[in-house]
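Novice: attaching a predicted model along with its sequence, questions to come.
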Amino acid sequence: MTSLLVIVVLVLLAVALWQLTKIFDLTQVGSSSDDSQVASDNDNNIQGYVMFGFLAFIYIFTIYGLLKWGNLALHTPASEHGILVDSLMNITWVLIFVVQFITQGLLYWFSFKNRGHKDRKALFFADSNKLEALWSIIPSVVLACLILYGLYAWNNIMFIDKDEDVIEIELYAQQFKWTARYAGQDNVLGKANVRLIEGINTLGVDMSDPNAQDDIVVSELHIPKGKKIHFKMRSQDVLHSAYMPHFRAQMNCVPGMVTEFAFIPTYTTSEYRDLPFMIEKVANINKLRAEKSIELVAKGGTALDPYTFDYLLLCNKICGASHYNMQMKVVVDTPEDYKKWLSEKTTLAQDIKAAEAAKKPAEAEGAKATTDSTAKDTVKAVIDTVKAVVAKVTMK
Amino acid sequence: MSAEAHDHDHGHDHEHEHHHKDTFITKYIFSIDHKMIAKQYLLTGIIMGVIGIAMSLLFRMQLAWPEESFKIFNVLLGDKFAPDGVMANDIYLALVTIHGTIMVFFVLTAGLSGTFSNLLIPLQIGARDMASGFMNMISYWLFFLSAVIMLSSLFVEAGPASAGWTIYPPLSALPQAIPGSGTGMTLWLVSMAIFIASSLMGSLNYIVTVINLRTKGMSMTRLPLTIWTFFVTAIIGVISFPVLLSAALLLIFDRSFGTSFFLSDIYIAGEVLHYQGGSPVLFEHLFWFLGHPEVYIVILPAMGLVSEIMATNSRKPIFGYRAMIMSVLAIAFLSTIVWGHHMFISGMNPFLGSVFTFTTLLIAIPSAVKAFNWITTLWKGNLQFNPAMLFSIGMVSTFITGGLTGIILGDSTLDINVHDTYFVIAHFHLVMGISALYGMFAGIYHWFPKMYGRMLNKNLGYIHFWVTAVCAYGVFFPMHFIGLAGLPRRYYTNTNFPLFDDLQNVNVLITTFALVGGAFQLVFLYNFFSSIFYGKKAIQNPWRSTTLEWTTPVEHIHGNWPGEIPHVYRWPYDYSNPNHDVDFVPQNVPMKEGEEVLHH
């Protein structure tokens, strides 16, 4: 309803303004000269002042924005390389604000200062090699510094040392869900291919690979603080992007290839929750949610749950209709908690065995009910096996 | 140049003209006159612009008031896509996709380049018409056809293409992945293939015309900057558009004939597909090999228009004419070797990322030169604040604001965390969307008298500019912050993430600015259409400009000049030349005896 009101107000405002100019035009009917639609000295004067006003608007809006929305931006990075990223970001921001402040100032100040008048004559100033050299060389030097720092950081982040002691985890993307696979005791992920997807083995892990025997598949990502995590990413259908904003980490998941990203988390979830900025942010969000809840309850809906912070893995590459709800909770544990959590998980091999055991009695029952469906199932099973074998052969 | 030969040709045309009269169809529909074709492009561009902007207002409303019911959604989108007035999530993606496609290709490429290259190239270089008037006509009608096909895709059963305007496969290749990738996507690809054919014909025509048909004395270093930018834009178009065409064709093969150029190892809707060995990353390379030059195809003509309008209305030469040309050439060259900055985290080798960071940040140097040269042009000028001038200053302002954040996005390290967030949307809308639109508006206000022989109302122009200027910053400045908060783009709603709850107020503010800004474009539309019929009659050279188009009569005639084509004796920026008493000396005025050239 409020929105409708806003729109009505806007339309009325537009109509009012339109009528105003109509009146304005009618007052000018008397002057029949043909250049009446060319800016006059009076126009130049008014527009010059408005230019100056607009400069003030830009400055004030920028400062207002920084004060009001500045704290919305991601704060303390939760990963080691994030500190490097953020310091480069801050340097760049300082540069941007300085240049923005100066150039917009000059642009609108000159506009105001040199507003036209029929007695004025402009200065014929066609070129100056000195000036042009000045504003070619200064940006070049500044950019060279930024490029060097940027490339240093990029190389540090993206090139993963093969010998380093890392934890390998696979992030697996599909419409519209994330799954993680841990490499287990041997810290080597078993081979996998979508052609091997079958039943409970939704990631297509090659169970004949010895490395795959101890792999663990989970739907909530736990990682230990202070250890380098080497993510290997796959997708089974379309492009997805594994985006973990608090860790300053992102990499696309591409069907048909394995992409990678690595980082060291530096705050456990509970430590990050206790950071002062986060306490404030969560309190603010909960205040907003409480207000919204009152509105919802009044309309007969249910109130919203209060929010507690959790790291998230989001999908950041358009992947289909429910792209907006493809997320996974990420938990950073202390190394001890992480070990404990992982040890409680069953391996994929065990899961498959359990599923098969559970399936057998069910199948026997099914056979009694309809022989027809059994026949179908058998044929399907045979085809699936053949497919799997063919796939394996083609893979090799 | 072969001006004499051309004159001769024209003499022939003239005789021909006496023998038959233009019918309505040859004059207004299948016209081969560049001025009429320019108007056709402009009108089509404006209509597409209205549709594109209207779409953005719809999805902005969804973002501000997610899943709320609006009657207008139901009226415009129908029961299928907006039951009870609530926008469905798949139509949201379709709107985003078609908005991007329409604005980038149909408004800011064809609408902008098509209009002003066609109008100004022959008029400003002193030619009777384009090198091939017939091909020019075909180019427009192919563009029209592609626009019709694109719009018709809105009405197919499963909805239009909805994989984003970048149409990355596999999403765009598999109807199982998203309904819009069925017939809607097929129509999208067909439309784009025709569009590219149209664009190539136009570009070839522009290039050939600029090279061959300049009047006597119009050397390359006496060309107005408008012509320089149209010329360079056409060259970039000819180099890069065919690559998109090849990507589109390969995608059609993958979709319809079972090839695997871009697809591999896919399991979807419960079955394994047969594709093997292709790579979506290959598509991204092909797409962005056009996609990045495309943003310069959009912005360079706007830069040219702005340079010309700024000089005229400052009553001063454009500062650093040669540096402006060099920077256009540098930008054009660099634009073809930076496409990878859209793909830093696509899974391509990080080493390539380093290379693309380097080349990308280099673009800041010619861009800085341009920005400072524009600012210096204003210095000690005698600024005439016609609406066109306001839009030109606005363009420089948004180009700087938007361009500066490019330093963040072009840096692979920083791109990791802001890639595909609202930060990117804020950046490119300011630097190429709003800037190019301002350039287009500036061009329309400035050359309207040349197109229609009448003037636009300046007061409506002032209102149009100032409201648009405030709203453009109001929309895109706050958007940087929600991007920095980590909000991904192309989300139908953020309500599933309590983390982003504190961004909702900002979204409401943005949408409010968008609605006001959108509503005030009606002021422009009213001004435009009423002035065509009822505007004040224009005089021959209302802005007291030096370039050749203002030496033609107000009434349009075939062949542009009634008599001989004027010869050119000086550069296009002799404003306030101290050797002359008047503050502008047209290009066709011979040098006075002993007059020195005052510029390099």
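Specialist: Looks like it arrived, so ask away.
Novice: okay, CA-based contacts and neighbour counts for the rest of this
Specialist: OK.
Novice: ok, longest helix in the chain?
Specialist: No chain specified, so I'll use chain A. The helix that spans the most residues within chain A, counting by DSSP state H, is helix A:80-113.
Novice: my question was about chain B, not that one.
Specialist: Within chain B, and with DSSP H defining each element, the longest helix by residue count is helix B:280-314.
Novice: all the helices of the stretch 1-150 of chain A, residue numbers only.
Specialist: All helices of the stretch 1-150 of chain A, identified by DSSP state H, counting those that start in this stretch, fall at A:2-27, A:41-69, A:80-113, A:129-158.
Novice: out of these, flag the one nearest residue B:85.
Specialist: Distances from residue B:85 to each of the helices of the stretch 1-150 of chain A were compared using CA to CA; the shortest belongs to helix A:2-27, at 13.0 Å.
Novice: next up, the contacts around the one residue in the stretch 401-550 of chain B that gets nearest to chain A.
Specialist: Chain A sits closest to residue B:485 of the stretch 401-550 of chain B, with a gap of 4.0 Å, by CA to the nearest CA. The neighbours of residue B:485, taking CA atoms under 8 Å, 6 or more residues apart in numbering or on different chains as the test, are A:72, A:73, A:74, B:500.
Novice: and the pLDDT for residue B:8?
Specialist: Turning to residue B:8, the model gives it a pLDDT of 44.
Novice: what residues are up against residue A:272?
Specialist: Listed by CA under 8 Å, 6+ apart, the contact set of residue A:272 reads A:78, A:278.
Novice: and it, helix, strand or coil?
Specialist: The three-state label given to residue A:272 by DSSP: H, G, I helix; E, B strand; the rest coil is helix.
Novice: excluding chain neighbours, give the residue nearest to residue A:257 in space.
Specialist: What sits nearest to residue A:257 in space, not counting adjacent residues and going by CA to CA, 6 or more residues apart in numbering or on different chains, is residue A:234, at 6.6 Å.
Novice: ok so, going back, and the helices of the stretch 1-150 of chain A, which is most packed in?
Specialist: helix A:80-113 (a mean of 18; mean count of other CA atoms under 10 Å in any protein chain shown).
Novice: where in chain B is pLDDT low?
Specialist: B:1-21 (pLDDT under 70).
Novice: domain parsing of it, as residue ranges.
Specialist: Following the TED database, one finds the domains of chain B at B:26-278, B:299-537.
Novice: among these, which is the most enclosed?
Specialist: Of the domains of chain B, the one with the most neighbours on average (mean count of other CA under 10 Å) is domain B:299-537, at a mean of 23.
Novice: and that one, end to end?
Specialist: Terminal residues of domain B:299-537 are spaced 31 Å apart (CA to CA, to the nearest Å).
Novice: got it, and stretch B:106-116?
Specialist: End-to-end distance of stretch B:106-116 (CA to CA): 14 Å.
Novice: just to revisit the earlier point, Throw the helices of the stretch 1-150 of chain A into CSV and include distance to residue A:191, thanks.
Specialist: Output for those, formatted as CSV (distance: least, CA to CA, whole Å):
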stretch, distance to residue A:191
helix A:2-27, 54
helix A:41-69, 46
helix A:80-113, 29
helix A:129-158, 23
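Novice: now those as a markdown table including mean pLDDT?
Specialist: As requested, those are arranged in a markdown table below (pLDDT from 0 to 100):
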| stretch | mean pLDDT |
| --- | --- |
| helix A:2-27 | 70 |
| helix A:41-69 | 96 |
| helix A:80-113 | 96 |
| helix A:129-158 | 93 |
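Novice: would you format these as CSV with distance to chain B included?
Specialist: Conversion of those to CSV gives the following (distance: least, CA to the nearest CA, whole Å):
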stretch, distance to chain B
helix A:2-27, 6
helix A:41-69, 5
helix A:80-113, 6
helix A:129-158, 5
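Novice: of those helices, which is nearest residue B:435?
Specialist: Comparison of these against residue B:435 by CA to CA identifies helix A:80-113 as nearest, at 14.7 Å.
Novice: just checking, what packs against that closest one?
Specialist: The criterion is 3 or more CA pairs under 8 Å, 6 or more residues apart in numbering or on different chains; DSSP states H and E, and the helices and strands that helix A:80-113 contacts are helix A:41-69, helix A:129-158, helix B:364-378, helix B:387-404, helix B:406-409, helix B:412-418.
Novice: ok, back up a step: nearest residue to the residue of the stretch 401-550 of chain B closest to chain A other than its sequence neighbours?
Specialist: Skipping the residues right next to it in sequence, residue B:485 comes nearest to residue A:73 by CA to CA, 6+ apart, at 4.0 Å.
Novice: which pLDDT does the model give that neighbour?
Specialist: The predicted structure scores residue A:73 at 95 on the pLDDT scale.
Novice: ok, so what distance separates residue A:356 from chain B?
Specialist: 20 Å (CA to the nearest CA, to the nearest Å).
Novice: contact partners for that residue?
Specialist: With contacts defined as CA under 8 Å, 6+ apart, residue A:356 is in contact with no residue.
Novice: which strand or helix spans it?
Specialist: Using DSSP states H and E, residue A:356 falls within helix A:348-369.
Novice: check residue B:31 too.
Specialist: No secondary structure element spans residue B:31, as it lies outside all helices and strands (assigned by DSSP H and E).
Novice: for it, what are its contacts?
Specialist: Residue B:31 makes contact with B:25, B:37, B:137 under the criterion CA under 8 Å, 6+ apart.
Novice: please look at residue B:132 and residue B:205 and confirm they touch.
Specialist: Yes. When contacts are counted by CA atoms under 8 Å, residue B:132 is listed as touching residue B:205 (6.5 Å).
Novice: from what I can see residue A:185 touches residue A:213, true?
Specialist: No. Using CA under 8 Å, residue A:185 is not in contact with residue A:213, being 9.7 Å away.
Novice: and the two? which has more neighbours close in?
Specialist: Higher neighbour count among residue A:185 and residue A:213: residue A:213, with 21 against 11, using other CA atoms under 10 Å in any protein chain shown.
Novice: distance of that one from chain B?
Specialist: Here the criterion is CA to the nearest CA. By it, residue A:213 lies 23 Å from chain B.
Novice: sticking with residue B:435, tell me its helix or strand.
Specialist: Per DSSP H and E, residue B:435 falls inside helix B:435-452.
Novice: please save the CA atoms from that helix in CSV.
Specialist: Only the C-alpha atoms of helix B:435-452 are listed here, as CSV (Å, rounded to 0.1, in the frame of the first residue of the first chain):
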residue,chain,number,x,y,z
SER,B,435,27.2,7.8,-19.4
ALA,B,436,26.2,6.5,-22.8
LEU,B,437,22.6,7.4,-22.2
TYR,B,438,23.6,10.9,-21.3
GLY,B,439,25.7,11.0,-24.4
MET,B,440,22.7,9.9,-26.4
PHE,B,441,20.4,12.5,-24.8
ALA,B,442,23.0,15.2,-25.3
GLY,B,443,23.2,14.2,-29.0
ILE,B,444,19.4,14.2,-29.3
TYR,B,445,19.0,17.7,-27.7
HIS,B,446,21.9,19.0,-29.8
TRP,B,447,21.0,17.6,-33.2
PHE,B,448,17.2,17.6,-32.9
PRO,B,449,17.0,20.8,-35.0
LYS,B,450,19.1,19.0,-37.7
MET,B,451,16.8,16.0,-37.6
TYR,B,452,13.4,17.6,-37.4
